[in-house]
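>>> have a look at this fold, sequence not included:
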């Protein structure tokens, strides 16, 4: 005898599908109606992704508001589409829940692999309302490999989204918080970059000119009279700081 107290999720879901199908006018006992109903059902599922750009018939399209605009050499043209053609080559997609955008050619890895198993996205495919990258891996399972944008003076690699400080020696040694790193960060060769304010201040303490030649000469002559011959440079500098 069937145990009525046992919760059978599959049976309940199937029954719900039957009731919804009847309400929508589908007779899922008929194969054609069943397939049509399942297409409708999949379309109602909350989307996990959004296509951002694609290529179709040799032209590249990028999404802007609710339409896709033809783009060439960074310029947008009036030719637009309000849908993605079935045979289009998808170039980039956005994961809805966190807004992360994945593009063909990017390096990614499986979340569960702790950064191992890195691979490049070669293509995107859409199946049953889900988006897959390369070898059938759902984009919900992916993380981007963060490349080092630049290395600070204190030896820290800065990735996209990391915060840092900038020192401008040619602007009266102006030190300021630069916020999160992104494209173009760390490119000014005349500037100095640091991972923390403390690291920048320590660098300043050792590198920013503080004394005139006359003051240094006076310090040196006084040091000789105090018997500081042969002391370490650090000791000598500490002595100067307190002179």
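Now that the structure is in, tell me what you want to look at. All values reported here derive from a predicted model rather than from experimental measurement. Residues are numbered from 1 along each chain as shown.
>>> looking at the chain, which helix or strand is least sure?
One helix or strand of the chain scores below all others by mean pLDDT, DSSP states H and E: helix 9-23, with a mean of 53.
>>> how's the chain carved up into domains?
Following automatic domain parsing, the chain resolves into domains at 9-44, 49-144, 148-207, 217-243.
>>> and those domains, which one averages the lowest pLDDT?
Among the domains of the chain, domain 9-44 has the lowest mean pLDDT, at a mean of 60.
>>> mind listing the helices for this structure?
Assigned by DSSP state H, the chain shows helices spanning 9-23, 31-44, 197-207, 213-225, 233-241.
>>> show me what the third one is in contact with.
Residues outside helix 197-207 that contact it (Cβ atoms under 8 Å, 6 or more residues apart in numbering) are 152, 153, 154, 165, 167, 173, 175, 177, 192, 194. For every residue, glycine as well, the C-beta is placed using N, CA and C.
>>> recalculate using a threshold of 6 Å.
153, 154, 165, 167, 175, 194 (Cβ atoms under 6 Å, 6 or more residues apart in numbering).
>>> got the buried residues for it?
By neighbour count on 16 or more other Cβ atoms under 10 Å, the buried set for helix 197-207 is 199, 200, 203, 204.
>>> repeat for stretch 168-180
Residues residue 175 are the ones in stretch 168-180 that count as buried (16+ other Cβ under 10 Å).
>>> need the distance between the two termini of it.
18 Å (Cα to Cα, to the nearest Å).
>>> cool, stretch 165-174 as well?
Terminal residues of stretch 165-174 lie 11 Å apart, using Cα to Cα.
>>> contacts for that stretch next, please.
Defining contact as Cβ under 6 Å, 6+ apart, one finds that stretch 165-174 is touched by 175, 176, 177, 178, 190, 191, 192, 193, 194, 197, 200, 208.
>>> got the contact list for stretch 95-114?
By Cβ under 6 Å, 6+ apart, stretch 95-114 touches 48-49, 91-94, 115, 117-118, 120-121, 139, 141-145.
>>> what do you get for stretch 125-144?
By Cβ under 6 Å, 6+ apart, the residues outside stretch 125-144 that reach it are 42, 45, 48-49, 93, 95, 102, 108-111, 121-122, 124.
>>> what about that stretch, start to end distance?
End-to-end span of stretch 125-144 (Cα to Cα): 18 Å.
>>> list the buried residues for it?
131, 132, 133, 139, 142, 143, 144.
>>> farthest-separated two in those residues?
Spatially, the most separated pair among the buried residues of stretch 125-144 is 132 and 144, at 16.4 Å (Cβ to Cβ).
>>> got JSON lines for the contacts of stretch 165-174, with distance to residue 69 too?
Formatted as JSON lines, these follow (distance: Cβ to Cβ, whole Å):
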{"residue": "175", "distance to residue 69": "42"}
{"residue": "176", "distance to residue 69": "37"}
{"residue": "177", "distance to residue 69": "37"}
{"residue": "178", "distance to residue 69": "33"}
{"residue": "190", "distance to residue 69": "39"}
{"residue": "191", "distance to residue 69": "37"}
{"residue": "192", "distance to residue 69": "41"}
{"residue": "193", "distance to residue 69": "37"}
{"residue": "194", "distance to residue 69": "41"}
{"residue": "197", "distance to residue 69": "43"}
{"residue": "200", "distance to residue 69": "43"}
{"residue": "208", "distance to residue 69": "50"}
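>>> biggest separation within these, which pair?
Largest separation among the contacts of stretch 165-174 by Cβ to Cβ: 190 and 197, giving 20.0 Å.
>>> for residue 95, name its beta-bridge partners.
Assessed by DSSP bridges, residue 95 has beta-bridge partners residue 49.
>>> near residue 187, how many other residues are there?
Close neighbours of residue 187, defined as other Cβ atoms under 10 Å, add up to 10.
>>> oh, that last question was meant for residue 54, not what I typed.
Neighbour count of residue 54, defined by other Cβ under 10 Å: 21.
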